[in-house]
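S.K.: Provided below for reference: sequence and predicted model.
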Amino acid sequence: MAPRIQLEKAAWRWVETVKPEEIKQEHIELAYRVNLPACKRGACRRNCKGNPNCLVGIGEQAWLGEIDENAFHNIDDPNSERREKNTFVGLTNLGATCYVNTFLQVWFHNLELRRSLYQCHNSRAQEHNIESDYEPQSICEHLQYLFALLQNSNRKYIDPSGLVKALGLDTGQQQDAQEFSKLFLTLLEDTLSKQKNPSLHNVIQRQFCGQFSYVTVCNQCGRSSALPSRFYELELNIQGHKNLTECVTEFLKEEKLDGENRYFCESCQAKQSATRRIQLHSLPPTLNLQLMRFVFDRQTGHKKKLNTFISFPEQLEMGPFLEGKQDQKCVYELSAVLIHRGISAYSGHYIAHVKDARTGDWYKFNDEETEKMEGKKLQLGIEEDIAETVKSQSRKPKCSKGYHCSRNAYMLVYKVHKEESSDPSRTSVDVPAFLQRLVDQDNHKFEEWCSEMADMRKQSVDKGKAKHEEVKELYELLPAKDGEPYEFIPLDWLKKWLDDSTATKEIDNSLFLCSHGKLHPDKVGESRKVSLQAADLLYEHYGGGPRLNNSSLCKECVGQRCRVLRLKNQLSEDSKEVSSLVKRTFSGEGYWVGKASLRSWRQLALEQLEEDEHETKHGNSQTNGQGPHTNNKLSEGNEDEMKTFNEDIVCCHGGLSILETERKLVSYEVWTKLRAYFPKAPEFTQNQEPCRQCITLEQEEKDNEAVSKMMALDQKNQLLNLFHEKNRPTLANWPVTIDTVSNCKRPTKSSPVSNVSNTLLLCPHGGFMFTYDSLINGDAQHIALLWPSEWEVINRLFIVDQPISIHCFKQSTPSGPTTQYTTQPDLCWECRESFLFQQQRDLREYTQATIYIRKVVEDQRMLKEAAPEINVSSSEAEEEKDEHPKVDEEKDPDFGQSEDGPKRLKLSDSSAASAAAVSVTKLGGIRRSTRHRKLRGEKALIVSANQTLKELKIQIMHAFSVAPFDQNLSINGKSLTNDSATLGSLGVIPESIICLKADEPIADYAAMDDVYQVRMPEEGFKGTGLLGH
């Protein structure tokens, strides 16, 4: 089928030869496209939008093909949640608890620990009524129940939220896995020590505890002292090492104690140089080796991960490392590897590889997912790919047979090698009856849930099959045959009816009606023609309306569209003819047309015709030829946009505009053609006089402007020195009395000044707000200083709301002459101090302010002017060259005055420059630019006062690609070092310039990632049950 646009053009092609009054039924049916051929299945890839007879591609494929039962429901197969045979059970990740899940799986596979936990007394579980849910209380009870579910549950994975909640862990925050292991075993050891069964008191010690001593030997007397200690894991440094043997060797190597670190020898009774080392005496059955991947970085102040490869064996010979037993065999076998996937210490994912003690097979535990490794070998290859983004790491080294290499392993669990025994009790642990009863209860609930889900799936499938047959039969009745009655149904409704995922509502045809209550011609493409039999069944089943049949084709709308289309076709020819006629000279009566209207009349006519088409959709029956806005009013919010033809020469009083340059005289022939398109446009003949009111107002405006110009010139002549900034009093040589004035605007050629508002310089109590020192230091920019004669002129010409004067009193004292300054009105110290306090407060409590970071390379390039400063524009800088104010005391012994001419004074000259008379509106003095001019190597940042220095460093890292630990920041020569301090407390104010000196970068991308992620200080397991809270 042809595209929709082509179908629409074909439907109205007949209007070129048929006038509106000649329209017949065949033309109406062409416009509504009711006789287009119906599309067949397979012929259209998708539904034809412009063909009301196309019923293909509306969702029928799901009902006419083979039945897919999964399409009738959204319920997953409950058996996918069922534990497969000969597999282990996973643990749900509650958000960021993967580190907890890995250790629980490792401890579960420690048969001795599991067996001991099952022996713990649990009266609550033994007396539990199976009709209610079991809720453990103590850590032992939680671990008992969790291990029993891991062993005999029918579920694919179980939820450890009970244990996690009992420990008080934050499920959304990833914690240090090694610290969790230590704290949990300590807590478990303390809990087991309180059991009634004495054999359980030392379970943790028997399984995980070994003995070593710190042995110190004095170099002077040779005295040896040993400090015995216990360990539950050996913490091995991996930095600079390639294999596990090197790590253990370094752990046991001799350490020299000299210098300030000398050892106090009891025999020598003095500090002596000595050597110290660790001696291993005994090892536990389960040997936990913590690989110290997460270390503290002194430069960043945070942890970072060491992503270096370490090689470790499947069988570890520890005999050579035991003190006094170097010749004895002490073989350990690898039983678990805990992996941290990720390059950062503050993010990533934890998984565990654990060896099944019964079969010797290796399994990977990744939260809910458990996977058996092929063969009986440990496979770590996939887990190592996650860190390939670390650019500084080398390639994975080749491993010898019986060895494994990993850059993500952070804990290795070895178990002492034992000869194979025929005793099955060594490799099997039975769940006690009281726990098995709870497991059976949970399994029963799981089976009930599976059965319920299966029933729901079956009901959905049966319902879907029934609807499938119903829809299939009804869809086959939809096509209307030639010559038979038909109706129109919305296409969107048919699609939703065939989409089983949405509820089918009643049929709504109200949006498809024209202003005459029939089917609008433009909506026929959004509806579909169906047989009367199918329509009766659909309305009977779903209801709705109004029903649209073959009598609903609107002849009035077709006639209106015909007229509009014919006018559109004629518009192009008329446009060319009008353009030609306008250029010709004419005689006889003419008509005024706005030049803007004449330029855009074709666009206005086109918009009007399109508006007429739009009106038929909403029932607005305006007369053909009337513009969309015939009331000569402009639309709100855009008065410059012309909406009606010729409105641009209509004045505000409704008459002809007095601006002859905006209108053009056209011939009667041109006006007749334009009038045909705009019958209600304003009409002005050649003899029409312009608006008398507008002529009067124009003359009054010219008279007022002349009077204002004379007044402004008179003000300028009487205050010529003030206007040109010549012969101004300064603050350097203070007279007895100086009058001040504020807000005195410079008179322009046509705008004289009428009043002077001095109250702007006063506080609410009527007191003066400026001191002599503040005027010297820059507040003079708000004030103009006047000579007494100028003050008399000001009082005579303008209305002054409040006179202000400043007086100087000189006194002789034994220590020398002193000078005091007073003002009238008096200075209001209370408001002055409040103003200064608020000013300082605003500088310390800002939000979304701009500061500038200036990067420097060498110390000598650091700028001392780091504080906010007022920058002079380039043009003013040219004017200021070699122009310094000179005080000519010979001209007037009492008053200091600058040289003749409009000299510009510099603020930096406190003796004369600061005393320049300056007004708020730049009546005189210096015109400064307050815009900060950025230099090369400088960038602007948006900050707030409560933002910390550390957060600012992170912003700088993104702007300059300099890591925070490589940044040396300073302001006003003062170094900024306290990362936790706020910018407000450090004296950083808006428009400050902070100097950045970067150290040589460290190529540690993981550390950069750590700094970026860490925003708050670490609290670890503070407040959790692991610390007894």
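M.R.: The structure has been received and is ready for your questions.
S.K.: Could you list the low-pLDDT ranges of the stretch 451-600 of the chain?
M.R.: For the stretch 451-600 of the chain, the stretches with pLDDT under 70 are 500-503.
S.K.: give me that answer again for 90
M.R.: When residues are selected by pLDDT under 90, those of the stretch 451-600 of the chain lie in 451-485, 489, 491-506, 509-517, 519-531, 533-545, 549-552, 554-591, 593-600.
S.K.: Ok, the stretch 801-950 of the chain next?
M.R.: 801-849, 855-938, 945-946.
S.K.: Can you give me the domain assignment for this protein?
M.R.: Split into domains by the TED database, the chain comes to 78-199+429-456, 205-378+402-419, 724-828, 938-998.
S.K.: which stretch among those domains comes nearest residue 672?
M.R.: domain 724-828 (46.5 Å; Cβ to Cβ). In this view, the C-beta of every residue, glycine as well, is placed from N, C-alpha and C.
S.K.: Endpoints of the closest one, how far apart?
M.R.: Domain 724-828 has an end-to-end distance of 33 Å (criterion: Cα to Cα, to the nearest Å).
S.K.: which SSE is residue 296 in?
M.R.: strand 294-297 (DSSP states H and E).
S.K.: which strands and helices sit next to that strand?
M.R.: strand 302-305 (3 or more Cβ pairs under 8 Å, 6 or more residues apart in numbering; DSSP states H and E).
S.K.: circling back: closest to residue 575 out of the domains of the chain?
M.R.: Taking Cβ to Cβ, domain 724-828 is the member of those nearest to residue 575, at 45.1 Å.
S.K.: roughly how far is the closest one from the heart of the chain?
M.R.: Put simply, domain 724-828 sits 52 Å off its chain's centre (Cα atoms, centre = their mean, to the nearest Å).
S.K.: Could you do stretch 104-122 as well?
M.R.: Going by Cα atoms, centre = their mean, the spacing between the C-alpha centre of stretch 104-122 and its chain's C-alpha centre is 47 Å.
S.K.: The strand holding residue 296 pairs with which strands, and in what direction?
M.R.: Taking DSSP bridges as the criterion, strand 294-297 pairs within the sheet with strand 302-305 (antiparallel).
S.K.: Next, the contact list for residue 1024, please.
M.R.: Each residue near residue 1024 by Cβ atoms under 8 Å, 6 or more residues apart in numbering is listed here: 167-169.
S.K.: So which of the residues you listed is surrounded by the most neighbours?
M.R.: residue 169 (23 neighbours; other Cβ atoms under 10 Å).
S.K.: Could you double-check that it sits in contact with residue 97?
M.R.: Yes: applying Cβ atoms under 8 Å as the test, residue 169 and residue 97 come out as touching, 6.9 Å apart.
S.K.: contacts for stretch 693-701?
M.R.: By Cβ under 8 Å, 6+ apart, the list of residues contacting stretch 693-701 from outside reads 651-653, 655, 657-658.
S.K.: List just the nearest of the residues you listed to residue 236.
M.R.: Minimum distance to residue 236 across those is 91.2 Å, recorded for residue 652 (Cβ to Cβ).
S.K.: host element of the closest residue to that closest one other than its chain neighbours?
M.R.: Nearest non-adjacent residue to residue 652, counting by Cβ to Cβ, 6 or more residues apart in numbering: residue 694, 7.9 Å away. For residue 694, the element it lies in under DSSP H and E is helix 692-718.
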